[in-house]
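Trainee: Just need the structure, nothing else, for what follows:
(one chain, ligands or ions: 1)
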Amino acid sequence: MEIGYCPRCNIPLRGKRCDICNAHPYSLRFHELGDIRPASKYERGLLSKLIPFKEIRSYISRRIILLARQPGLDYRKDVFLDGFKFGTLEYIKSQKWRWRFVPTGKGAALIYGLTSHIDFELRGKGHMKGKKIEKEVSGDWAIIKINACTGVAVKEERGAKIKDVYCGRIATKKRSDMRNAVQGNRFFLEKIEKEAVEKIKRSHANYVAFSGGKDSEVALYLAHLAGVKKAVYLNTGLEFPETQRFVYNFADFLGVELIELSPPKSFWEVVDERGIPTKDRRWCTKYLKLQQLRNLRGVIVDGMRKYESLRRMHAPSTRRIGGLRTVYPLFNWLSLDVWLYIHYRGLPYNPLYDMGFERLGCYTCPSMLNAEFHRMKKTHPQLFRRWFEYLKKQGYGEEEIMDGKWRWNNLPPKLREV
Ligand SMILES: [Zn+2]
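Mentor: Now for the predicted structure:
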């Protein structure tokens, strides 16, 4: 998977040319399922905390940072700065759960260029990447110099290992933010808006699903432009208060009718009997959401995107839910496109994104990452407590809960080792 990047304006490009400087983009590659997007305020704050140099903190605070997902059990993302892979940010368990950032060789070269900081110098010939060295690394990583090259060494149980080396200088780049990115992608954004609105019009949709997340917000906005007047909000009773408020406010803001539907019995009334919803036994979506749609007839606009997950990548381009047929105007959009569009139209968005959440859904959702589940403990202690206590009552130990083991009926092999 790849997107374009303008080296002059220091912004991602989705069109064939940069609408600011007219340059042709070069390609920035990332994982097939990376679903690249700008870093949130929370993630920018994390990087700032994890990189112990004030020059770097100030540099990255004035540049676009892009994140692309990497396969893994929890949060693990490639971090792109100035259009190259600057490092990896992940949430890991090493004694306790915590965040770790490790720069690439190129990232280390940029850090060295801005700070002149070196942890230690090595002499060596030939290929150094992957070599073990007898040095004590105090944090997670250290910047090393090998002849004319810069590299990064990561801490191992004993000593350290050279993780990556880059031979060359990294030039600093122009400041950039989302406003610049919108300017450089103006033509592309006009185009995808037009295509989506036409698709919705052609489908004769009469409803649009609205959950309060960024994709469904954009779907609602586009459906509104296409003349759809009714938004359907499936309130599971397990929504974050921010989501609930955002749903009401955004529907008001657009002046669309909001149809709020809830299950006949609440989650808490049925969970004892049905059991904890897990990734491999997910009764909740059907019971809490889809069943409520059974009395609706016609066509419903839905913000589903194929890059959200492997399952959605192979999902059919339309679907029937009772008497409803779905239409997916954002099916081919990247997360980046959704964010560019939100900024392009100056739309408000759910505040949870800036608080460290990426997937907004129920606060008991087994699809949540541990990074998000643990974050909830800080941001929504009461909701966290309620679910945590319930899981404990079902026989899970505190550590098992924090490791996220309740999210599977049959644990995947990799997780058994955690
Ligand atoms: Zn440009």
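Trainee: Remind me what the lengthiest helix in the chain packs against, helices and strands.
Mentor: Ranked by residue count and defined by DSSP state H, the top helix of the chain is helix 186-203. Applying 3 or more CB pairs under 8 Å, 6 or more residues apart in numbering; DSSP states H and E, one finds that helix 186-203 makes contact with helix 214-225, strand 298-301, strand 324-327, helix 335-344. Where you see a C-beta, it was placed from the backbone N, CA and C, and this is true even at glycine.
Trainee: In JSON lines, list those along with mean neighbour count, mean pLDDT and distance to the ion.
Mentor: Shown next, in JSON lines, are these (neighbours: other CB atoms under 10 Å; pLDDT from 0 to 100; distance: least, CB to the ion, whole Å):
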{"stretch": "helix 214-225", "mean neighbour count": "24", "mean pLDDT": "98", "distance to the ion": "25"}
{"stretch": "strand 298-301", "mean neighbour count": "22", "mean pLDDT": "98", "distance to the ion": "33"}
{"stretch": "strand 324-327", "mean neighbour count": "20", "mean pLDDT": "96", "distance to the ion": "34"}
{"stretch": "helix 335-344", "mean neighbour count": "22", "mean pLDDT": "98", "distance to the ion": "15"}
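Trainee: Out of those, which is closest to residue 1?
Mentor: Smallest distance to residue 1 across the helices and strands packed on helix 186-203 (CB to CB): 11.1 Å, for helix 335-344.
Trainee: How far off centre is the closest one?
Mentor: 13 Å (CA atoms, centre = their mean, to the nearest Å).
Trainee: Okay, angle between that helix and helix 214-225 too, please.
Mentor: Computed by axes from the mean of the first three to the mean of the last three CA atoms, to 10 degrees, the angle separating helix 335-344 from helix 214-225 equals 50 degrees.
Trainee: CA atoms only: put the top strand by length along the chain into CSV for me.
Mentor: Scanning the chain for the longest strand, with DSSP state E as the assignment, gives strand 84-94. The C-alpha trace of strand 84-94 is given here as CSV (Å, rounded to 0.1, in the frame of the first residue of the first chain):
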residue,chain,number,x,y,z
PHE,A,84,10.0,8.8,5.8
LYS,A,85,9.7,6.0,8.4
PHE,A,86,10.9,7.7,11.6
GLY,A,87,10.2,4.9,14.0
THR,A,88,7.7,2.5,15.6
LEU,A,89,5.3,3.2,18.4
GLU,A,90,3.8,0.3,20.3
TYR,A,91,2.0,-0.7,23.4
ILE,A,92,3.9,-3.6,25.0
LYS,A,93,4.1,-5.7,28.1
SER,A,94,7.5,-5.7,29.6
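Trainee: so what strands line up beside that strand?
Mentor: Counting by DSSP bridges, the strands paired with strand 84-94 are strand 76-81 (antiparallel), strand 96-103 (antiparallel).
Trainee: can you list contacts of it?
Mentor: For strand 84-94, the external contacting residues (CB atoms under 8 Å, 6 or more residues apart in numbering) are 28, 43, 46-47, 50, 65, 67, 70, 72, 74-80, 97-104, 106-107, 110, 170, 369-371, 374, 403, 418.
Trainee: How far off centre is that strand?
Mentor: That offset, for strand 84-94, works out to 14 Å (CA atoms, centre = their mean).
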